[in-house]
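Student: Below is the sequence, then the predicted model.
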Amino acid sequence: MDDRIEDGVVPSTKDGVVPPTRPPESELSGLSGKVDPSAAGDPRADKETLFLEERIRALRHEVDKLIEQRPLLLAALRYQHVGDLMRIALQGMIAVVGLVVVFGLFAAMWSAAHDESLVIEAFSVPPDLAQRGLTGQVVASQLLDKLANLQEKTPTERAASTYGHNWNNDIRVAIPNTGLSVQDVNRLLRDWLGHETHITGEVYRTPAGIGITARTGGQSGETVRGPEADFDMLMQDAAESIYRRTQPYRYSVYIVNEKRAHSFDISNAVLRGLLDYGPPGEAKWAHLGLAGNMESNEKFRDTVAESRAALADDPAFGMAYNLLAESEYDLGHDEAALAALDKGLPLLEPGRDPQVTPRAAAMLHARMDAQRSAALGDFRAAADKDFVASQLPDYGRTAGLANIMRVQALALMHDGKANAAMDALGGPSSKYQLSEFAATMELVPTALEDWPTAAGTAQGVRTEIAVFGDPKNPNHNTVLDDRLSAAMPCRILPMAALAAAHVGDMKMSDALIGQTPRDCYYAVRVRGELATIDRHWSDAARWFAEAVADAPSIPFAYAEWGRMLMAKGDLDGAIAEFRIANRKGPHFADPLEMWGETLMLEKRSDLALAKFEEADKCAPSWGRLHLKWGEALRYAGRKTESKKQLALAAGLFLPGAEQSELARANN
């Protein structure tokens, strides 16, 4: 045995493997089975000894061979290991390539199965036209251009992927070619699994010129005829015919946007046809399109009916809630409008509904959010939100409407800047905003309690309607008449009646309020205010109770009821109503300010200060608020602070009566 092993040291060798060594003699001798020496003379023992010695020599020979072959064996093992690794890697690569091929084939089949593109085949054309360059492929390409242009001129909130027969932007001309390519395989899959709409047709000679027939999906085609010189116009007519048959909802939007004669009638007919013959998923969009057309023509009750029909098809249809809220508000159904806003707002959060374009969702959500704030008296937030909405990419003229509604919010928070903001508007950005613009013209002086201006504005609006609505007038405009007349009963007439009463024309006031509907929340509230001016307390209480019953979630009637009770001298009753109004609209400044005035009448100016300070957070530019705040501070003995508040009031808008009150407070 190696002396190093006997000493406990293991020799190091190449590759860290200890080479085999010859067994020591003592161990080899042990293989003899320790032959008993007493048996040395035994022949059998001699034979066993010879056999064992022979085996020992054979084992030593094998060990020597192993020692000699060790480097070759180690190299062979290494080569075998590398080969195994390469074989595994190759098998993995083959598996990955196979998966890619399978996935690619699956993706191609899935894409083909969901293909709803429009393919325009080459038209058949007369030989003389083809010789002049107007080949079948040229005609198909021109038709493609017309259809693409129609899509670009169709502003719609509906995401393209929701159309039952949507082309999106996948309109192409089929050009025959030779040989087999990936494109050809893809085309075969689309033909087999897809739902492409194929457009075919022909151009032919007629006695009067030419005729163009276009067919969709093998259906009978529509033919347009005219002189050859009008070829471009005839192609436009053919494209619109295809658009109407294959994309009825988009066509209904397009035709209204083109502002052609009887465009709304044409649009409504297409949408009703979609209801009768279209796929089930199109019904809600057809109802929404009809609702939008009705709303554009100020037919608010029809808008409500169509919006609710759309929601019957899809209760999670945010677009329908938007139109429903607007029309319910225009009808004076404030509680129903607020309910629609509460349901529709989360449904129109940008990115939530894939059926609505992100642009439309962002704008409508911002506008509805502002509308909800205004419905609860938070006019400061409403003004801010409408400003944000006015800066968004426009959708459906909503940015212009947001500007108008921001002016209303400024006026309703008693901010004199509403006058300058109204002047900055210049006019409605479209005829569809005439009624809202006219209502805002009247609302600004009414909310600021500038009653002479409000009375004059109301008379001017009524005169304008009478002039433009008179068929004998050469400037007669039935659209203007219809739009402003629709806003009259529930919006303009109540404000006009209130202004007339404040300037002492009770006969005019009674005549105007008598024309207002009984189901209009604002008109009923104004009836209560008119009874308060007349000091008919029981009548006023009855009207306010009716308004509260109509809209229990809205704070305005509670606040006006409290003001009536304050004028009557029922201070505890007034505070009770102001408390309810504040609970319904915690950011509504009016009940807080009037609550403070009531506490002053109860000789509790110290308590009134807290209410004025809270109201200031909601309406910081309200002249009357700072005037009364200054008076309360003076009564509380805080003269320096009183002068500061009175100085603030002097720099803000104050109507005539309050300017006189400010002068007395400064003396």
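Tutor: Nice, thanks for sending it over. Residues are numbered from 1 along each chain as shown.
Student: thought Leu627 was touching Glu661?
Tutor: Yes. Counting by CB atoms under 8 Å, Leu627 touches Glu661, with 6.4 Å between them. Yep, even glycine has a C-beta here, placed from its N, CA and C like the rest.
Student: Can I get stretch 140-148 in PDB? Just the C-alpha atoms.
Tutor: Only the C-alpha atoms of stretch 140-148 are listed here, as PDB (Å, rounded to 0.1, in the frame of the first residue of the first chain):
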ATOM      1  CA  ALA A 140     -62.700  49.400 -56.500                       C
ATOM      2  CA  SER A 141     -60.000  51.700 -55.200                       C
ATOM      3  CA  GLN A 142     -62.100  54.800 -55.600                       C
ATOM      4  CA  LEU A 143     -65.000  53.100 -53.800                       C
ATOM      5  CA  LEU A 144     -62.600  52.200 -51.000                       C
ATOM      6  CA  ASP A 145     -61.600  55.900 -50.700                       C
ATOM      7  CA  LYS A 146     -65.200  56.900 -50.500                       C
ATOM      8  CA  LEU A 147     -66.000  54.400 -47.800                       C
ATOM      9  CA  ALA A 148     -62.900  55.400 -45.700                       C
END
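Student: Show me where the stretch 1-150 of the chain has its strands.
Tutor: Secondary structure of the stretch 1-150 of the chain (DSSP state E, counting those that start in this stretch): strands at 118-120.
Student: low pLDDT regions in it?
Tutor: 1-45, 101-118 (pLDDT under 70).
Student: Can you give me the pLDDT of Gly400?
Tutor: What the model reports for Gly400 is a pLDDT of 87.
Student: Contacts for the host helix or strand of it, please.
Tutor: Gly400 belongs to helix 398-412 when assigned by DSSP states H and E. Contacts to helix 398-412, defined as CB atoms under 8 Å, 6 or more residues apart in numbering, come from residues 363-364, 366-367, 370-371, 374, 379-380, 382-383, 386-387, 389-392, 394, 417-418, 421-422, 425, 428-430, 433, 436-437, 440, 443-444, 446-448.
Student: run the last query once more with 7 Å
Tutor: 363-364, 367, 370, 374, 379, 382-383, 386-387, 389-390, 392, 417-418, 421-422, 425, 429-430, 433, 436-437, 440, 443-444, 447-448 (CB atoms under 7 Å, 6 or more residues apart in numbering).
Student: Leu627 and Glu661: who's more crowded?
Tutor: Leu627 (22 against 17; other CB atoms under 10 Å).
Student: SS state for the nearest residue to that one once chain neighbours are set aside?
Tutor: In space, Leu627 comes closest to Ala649 once its chain neighbours are excluded; the distance is 4.2 Å by CB to CB, 6 or more residues apart in numbering. What DSSP: H, G, I helix; E, B strand; the rest coil gives for Ala649 is helix.
Student: Distance check, Ala649 against Trp622.
Tutor: 9 Å (CB to CB, to the nearest Å).
Student: Repeat that for Ile67.
Tutor: 107 Å.
Student: Ok, Val203 next?
Tutor: From Val203 to Trp622 the distance is 71 Å (CB to CB).
Student: His414 too?
Tutor: 4 Å.
Student: now swap in Gly514 and tell me
Tutor: In terms of CB to CB, Gly514 sits 32 Å off from Trp622.
Student: swap in Leu323?
Tutor: Between Leu323 and Trp622 the computed distance is 34 Å (CB to CB).
Student: circling back: so what's the residue count around the residue nearest to Leu627?
Tutor: Around Ala649 there are 26 residues (other CB under 10 Å).
Student: Leu275 - that's part of a strand, no?
Tutor: No. The assignment for Leu275 (three-state DSSP) gives helix, which keeps it out of a strand.
Student: And it, how close does it get to Ala310?
Tutor: Taking CB to CB, one finds Leu275 at 11 Å from Ala310.
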